[in-house]
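[1] I need the structure of the sequence given here:
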Amino acid sequence: MQNKNYKSSSATARELLIDVIDKQGLTRNEVARQTGLTPTTIIRIYKGESGRLHPRTVTRIAETLGYKAEFIGEDKVCMLRKDTSSAGTLTSRQKEKILSVITEALRKALAGL
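    Predicted coordinates for the structure are as follows:
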């Protein structure tokens, strides 16, 4: 995983959360399960139906995904990637993709024997 910092003074907390979730390849249900929030809450965040997000909600999602949320205004936030010295946690989708690449490479190698 990249150790990428997200900083913004113009993006809203909602925009940054959606960006971070999408870049990690998580489904809305995976985010709900990992954060303990309901799938309906996550869907409402995506649709913009949740109004102004509560700081606890933003912080909970950010920290679950490996970020630290720093509030810089009424609805403005900086998302900073937490320092990770290990490879980090892979999502189910990332694990499946890695497994399929390895499986295909093994098939090709075995076919060549």
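
[2] all contacts plus neighbour counts: C-alpha atoms, from now on.
    OK.

[3] quick one: what helix or strand has the spatially most central residue of the chain in it?
    Nearest to the geometric centre of the chain sits residue 21, at 3.1 Å (CA atoms, centre = their mean). Using DSSP states H and E, residue 21 falls within helix 13-23.

[4] same question, residue 94
    Assigned by DSSP H and E, residue 94 belongs to helix 92-111.

[5] got the angle between the helix or strand bottoming out on mean pLDDT in the chain and helix 13-23?
    The helix or strand of the chain with the poorest confidence is strand 77-81; it has a mean of 77 (mean pLDDT, DSSP states H and E). Interaxial angle, strand 77-81 versus helix 13-23 (axes from the mean of the first three to the mean of the last three CA atoms, to 10 degrees): 30 degrees.

[6] counting contacts, what elements does strand 77-81 pack onto?
    helix 13-23, strand 67-71 (3 or more CA pairs under 8 Å, 6 or more residues apart in numbering; DSSP states H and E).
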